[in-house]
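S.K.: Sharing a sequence plus its predicted fold:
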Protein chains: 2
Amino acid sequence: MSVSTVSKALNGNGRMADDTRERIKRMAAEIGFRPNALARGLLSNRSFTVGLLTNDTYGRFTLPVMAGISEALVDHGVSVFLCAIEDDPALGKVHVDAMLDKQVDGIIATGKRVDRSLPVDLARLPVPVVYAFTKGEPGSVTLTADDRHGATLATKWLKEIGRKRLLHISGPKDFVSAVERAEAFREAAGRDAPVLHGVWSEAWGHEAIERIWNEGDEKPDGIFCGNDQIARGVVDALRERGVKVPDDVSVVGFDNWEIMAAQTRPPLTTVDMNLKELGREAGLMVLALAEGRAIEPGLRKLPCKLVVRESCGGADRRN
Amino acid sequence: MSVSTVSKALNGNGRMADDTRERIKRMAAEIGFRPNALARGLLSNRSFTVGLLTNDTYGRFTLPVMAGISEALVDHGVSVFLCAIEDDPALGKVHVDAMLDKQVDGIIATGKRVDRSLPVDLARLPVPVVYAFTKGEPGSVTLTADDRHGATLATKWLKEIGRKRLLHISGPKDFVSAVERAEAFREAAGRDAPVLHGVWSEAWGHEAIERIWNEGDEKPDGIFCGNDQIARGVVDALRERGVKVPDDVSVVGFDNWEIMAAQTRPPLTTVDMNLKELGREAGLMVLALAEGRAIEPGLRKLPCKLVVRESCGGADRRN
DNA sequence: TTGAAAGCGTTACCAG
DNA sequence: CTGGTAACGCTTTCAA
C-alpha cells in the first residue's frame, strides 16, 4: 500500500476498488491510525482550531458562551483555545500572536460588558473575527443579547400577573445594558415608572429597598431588577422587613445565573440571555467565515427568554 | 538570503556574521514575519499546546485552575485547549482524540470533585497527563488541595480568637473532602466536637442552624462550614434569628469563592485552596514531562491559606 | 485502480 | 560564514 492510496481511501477521494478501500479502512481502525492534524493543516491552511479571547475573570458570561462554541464546533473537529487576558493589552497581544502563530482558523472575542471592547486590536487580522457579547469594531460581525427584549419580557410578565406599581432597580447608568433595560422597562411599564440606578451588587438591592420602604410613598408591588445579584439583595431585604415575596411583591431578575437565581429564597424568576445559544452561533459564524462563506456584517441581537421560578407567583400562567 | 540562513539567524543557532544576523532580524520584524507553528511542530514533535479537560460545568474550580495554567504557560509560548466534557464519556473521547490529533504536548485533567475521576480513560496515552483537582490513575502525577490543612487552619483560627464551643457544618459524607475536613476539624477542636453532614447548599446551612438553635443544648460560638455556600446560609440564618456575627458567633467558610464570600453580610473569613497556584504547578509539570524531564509520580497535596474578612472578628490578630 | 512525486513552512545537517 | 538538501506527515496531481 502506498501512502497516497491510503490517504485517498480514508478521505473518500479518488476512485478505487471498494474492497481495497474497505480493507484499508479496517486496517487503519485496527492499528488505531489517526492522521496528524499539524501536517494536514500545513497543507490545507486550516488548523481546525479557533481562539476564544475574554476579559471576564469570573467566567460568569464567558463560560456559557464557551460551552456553546465548543458544542457547536466539536462536531466539526474544531478545538477551542481559551485565552483570559484580563484587561492587560500586552497580555492580549501575546495571546493573539500565539494563536496566529498556531494558525487558528478564526478568533471569537467575548467579555463581561457589551459596551466595551477588549484591550486588543483585532481589526485587520489575517483570520476572521467574531464578537460575541463584547463591543466589536465598526463593520464587524457582532452578536449580543437583546437587552430591550429581555427587559420587555420581564416587565410584561409582571403586568400580566396583575402587578400595577412597577419599579426597576438596576446597575450604573454608564452601562449601556442598564440604560437599554431601563428604557424598555419604561416603555412597557409607563413613561413615569420609577427607575433606580446603583451598582450591580446585592448590597445595592438591599439599600434600594431600604430607601423605598423608608419613604412615605406608595410601595411597588412588582420589581424588575437589573441582574440576579440585585434581585437577591432585594428579595432578602424584603423578607427581612416582613414583606412577602411573591405574595405582596413580585421580583424578576436578569441573567439567570443559576447559582444565584436558584439559591434565592424563593428562587428567582429571571431573564436568560441565551448565552450558550449565542456562543453556538458565534462558533458557526467564525467557522463559516473561515471556510470562505460570507456573513453579513453588523450587530445581531439575539432574543432572551424568561425563566419562571417562584419569585413572582402567577406561575400557573406559564405556558 | 536562503531560508536556512534566516532560520538560523532568527533562532540564534549556527554561526554567522553578527551584522548579517541583525539585518535579518530587522527585516523579519519589519515585514512582521512570524514562523508557522504548525510547520515547526511537524518537525519538532512539539505543538506548544496543551489540553485542559474538565467536567466542572460552572467552572467554579476549573476557572482558577485554568487561569494558573495559562499564566504559567503563556511565557513558554504554550496555549491551552479547554474541553468541557460534562459527564459524558463519548464527548470525552471525542475531545481527547481531537487533542491528540492536534498533537498536544500534554493533557491536564481537572474537575469538580477530587475523589472522582473524569469519565475518560487517560492511561496509556501517547502524551503526558497531569491530574489537578480530580482523581488520577494509580501511579500518575496528581495535584490536590490539602483539605486537612485547610480545615486545620480554619479550626485553629477559631480557637485562637477565643472560641470554645466549635461546630462543623459540611457536605455529604460520601465526599472525601467532607470527611477529611471533618477529621481535621475534630483533631483540632477535640474528639467529640460536633459535626453535621448535609449537602453543599445555602439551604442546608439554614436548616442546620434551625436545627441547632431549636434544640435546648448549648449553642456553638464558632462554626466552621464545609464551603462558602453553607457558610452564607449559616450567616443569613443567624442574622434572621438575631444572633450577631461575629459578635456572638464566628463563622468560617471554605473555598474563598469571591462572589459568595465577599457578598455575605458580613463578608466571610474563609479557606482558600490556592487553585490558581495549583493550576500553575500542574502547567509547569506537564511542560516538564513534555520536555522529557522526569517528575516523581504520586499525589501532591498543596497547602491552603486562610483569607480573613469579617465573619470571625479577631481580625486584629491577623498577621 | 494504483503509485510516484511535489509541496506545505520549518529546522538540522553537511558541503561548499 | 553561508546555502543546498532532506525530512516531518499528509494531500493532490499526474503518470503508469
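M.R.: Arrived safely.
S.K.: Any idea which residue of the stretch 51-200 of chain A lies closest to DNA strand C?
M.R.: Nearest residue of the stretch 51-200 of chain A to DNA strand C (CB to the nearest atom of the strand) works out as A:Asp101 at 8.5 Å. C-beta coordinates here come from the backbone N, C-alpha and C atoms, glycine included.
S.K.: what does the model give the residue of the stretch 51-200 of chain A at minimum distance from DNA strand D for pLDDT?
M.R.: Closest to DNA strand D within the stretch 51-200 of chain A is A:Gly77: 11.7 Å, counting by CB to the nearest atom of the strand. Listed pLDDT for A:Gly77 reads 96.
S.K.: what's the residue of the stretch 51-200 of chain A closest to DNA strand C in contact with, if anything?
M.R.: Shown in contact with A:Asp101 (CB atoms under 8 Å, 6 or more residues apart in numbering or on different chains): B:34-37, B:77.
S.K.: ok, which pair from the residues you listed is furthest apart?
M.R.: Based on CB to CB, the longest span within the contacts of A:Asp101 runs between B:Asn36 and B:Gly77 and measures 13.5 Å.
S.K.: What ranges does the stretch 1-150 of chain A have for its strands?
M.R.: Using DSSP state E, counting those that start in this stretch, the strands of the stretch 1-150 of chain A run over A:49-54, A:79-84, A:106-110, A:129-132, A:141-145.
S.K.: returning to that earlier point: which of the contacts of A:Asp101 ranks first by neighbour count?
M.R.: Per-residue neighbour counts (other CB atoms under 10 Å in any protein chain shown) across the contacts of A:Asp101 peak at B:Ala37, which has 24 neighbours.
S.K.: Touching, that residue and B:Arg46? I think so.
M.R.: No - with contact defined as CB atoms under 8 Å, B:Ala37 does not reach B:Arg46; the gap is 9.5 Å.
S.K.: List just the nearest of the contacts of A:Asp101 to chain A.
M.R.: For these, the closest approach to chain A (CB to the nearest CB) belongs to B:Ala37, at 4.3 Å.
S.K.: ok, the closest one - contacts?
M.R.: A:101-103, B:47-48 are the contacts of B:Ala37 under CB under 8 Å, 6+ apart.
S.K.: Next secondary structure element downstream of the longest helix belonging to chain A?
M.R.: In chain A, with assignment by DSSP state H, the single longest helix is helix A:275-290. Counting by DSSP states H and E, the next helix or strand C-terminal to helix A:275-290 is strand A:298-302.
S.K.: Return the mean pLDDT over the following helix or strand past that next one, rounded to an integer.
M.R.: Per DSSP H and E, the first helix or strand lying C-terminal to strand A:298-302 is strand A:305-307. For strand A:305-307, mean pLDDT is 98.
S.K.: same thing with stretch A:37-49?
M.R.: 95.
S.K.: Wondering if that stretch reaches DNA strand D at all.
M.R.: Yes - counting by CB under 7 Å from any atom of the strand, DNA strand D is contacted by stretch A:37-49 at A:39-40, A:42-44.
S.K.: possible to save those residues as a markdown table with distance to A:Leu125?
M.R.: Shown next, in a markdown table, are those (distance: CB to CB, whole Å):
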| residue | distance to A:Leu125 |
| --- | --- |
| A:Ala39 | 25 |
| A:Arg40 | 23 |
| A:Leu42 | 20 |
| A:Leu43 | 22 |
| A:Ser44 | 19 |
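S.K.: sec struct for A:His168, please.
M.R.: Following DSSP: H, G, I helix; E, B strand; the rest coil, we place A:His168 in the strand state.
S.K.: thought it was touching A:Glu180?
M.R.: No - counting by CB under 8 Å, no contact exists between A:His168 and A:Glu180, whose distance comes to 11.8 Å.
S.K.: Which residue of these two possesses the greater neighbour count?
M.R.: Neighbour comparison, A:His168 and A:Glu180: the larger count goes to A:His168, with 26 against 19 (by other CB under 10 Å).
S.K.: is that one in a bridge, and if so with what?
M.R.: Note on A:His168: beta-bridge partners by DSSP bridges are A:Val195, A:Phe224.
S.K.: what sits against it?
M.R.: By CB under 8 Å, 6+ apart, A:His168 lies in contact with A:155, A:181-182, A:185-186, A:189, A:193-196, A:223-226.
S.K.: Next, the contact list for the residue nearest the centre of chain A, please.
M.R.: Chain A has A:Leu275 as the residue nearest its centroid, 2.7 Å off, counting by CA atoms, centre = their mean. Listed by CB under 8 Å, 6+ apart, the contact set of A:Leu275 reads A:61, A:64-65, A:68, A:133, A:145.
S.K.: Which of these fall within helices?
M.R.: Short answer: the contacts of A:Leu275 in helices (DSSP H) are A:64-65, A:68.
S.K.: Start from the N-terminal end of chain A and give the helices.
M.R.: Along chain A, the stretches classed as helices by DSSP H are A:3-11, A:18-30, A:37-44, A:62-74, A:89-101, A:147-160, A:176-189, A:202-214, A:228-240, A:258-261, A:275-290.
S.K.: and the shortest one, what does it pack onto?
M.R.: I take that to be helix A:258-261. Counting contacts by 3 or more CB pairs under 8 Å, 6 or more residues apart in numbering or on different chains; DSSP states H and E, helix A:258-261 is packed against helix A:228-240.
S.K.: which residues sit against the helix it packs on?
M.R.: So helix A:228-240 is contacted by A:169-171, A:198, A:200-210, A:223, A:225, A:244-245, A:248-249, A:251-257, A:260-261, A:264-266, A:268, A:270, A:311, B:236, B:240, B:263 (CB under 8 Å, 6+ apart).
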